[in-house]
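1. Pasting a predicted model and its sequence here:
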Amino acid sequence: MSTPLQETRLPVTPAQQAQAVLRADKLGMWASLACALHCAALPLVLAVLPALGLNRAALVDADQAFTIFATVLGISTLAFGYRRHRVKRAWWLLLPGLTLVWANTFTALHSHGGAHVAMMVIGGLLIAAAHFLNTRLLRGSSSHCALD
């Protein structure tokens, strides 16, 4: 005997799953680019704060939230993508990108100095590139999972 909830649930096809991952990869790509822009602009914002009568404490540090979000989204979308296309290249971009952002967010490197900014921007761009590559690989494997 099935419950009303089970009766209304529609089966999810592999193509629908792949489309969901493509949307998540696009979100990951844009979020990673936003993270890179945040890291690149932060020194300028910190320099302007005194002119606005504010101090650094007025700024909420979003690095940790970006890092955790990027990690969860990146690993989940690339894991699903890998199950479809079986190509490891996107992981070779994601893992160094995550390493850079984790090291610069949760260690003493988290100083918002020049080296921190450069490594966070590079890490964000690597993560965005990994999502982009995963999307391309998923689209290339469309003959196997009917993405179009």
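-> That came through fine.

2. Show me where this structure dips below the pLDDT cut-off.
-> With pLDDT under 70 as the threshold, the chain has low-confidence stretches at 1-11, 49, 54-62, 112, 142-148.

3. Show me what secondary structure element comes after the helix ranked longest in it.
-> In the chain, assigned by DSSP state H, the helix with the most residues is helix 14-48. Next along the chain after helix 14-48, taking DSSP states H and E as the criterion, comes helix 63-85.

4. so what does that following helix touch, helix or strand wise?
-> helix 14-48, helix 89-105, helix 114-140 (3 or more CB pairs under 8 Å, 6 or more residues apart in numbering; DSSP states H and E). Every C-beta, even on glycine, is put in place using the N, C-alpha and C of the backbone.

5. Switch those over to TSV; also include mean neighbour count and distance to Q64.
-> Listed next are the helices and strands packed on helix 63-85 as TSV, based on neighbours: other CB atoms under 10 Å; distance: least, CB to CB, whole Å:
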stretch	mean neighbour count	distance to Q64
helix 14-48	17	11
helix 89-105	20	6
helix 114-140	20	12
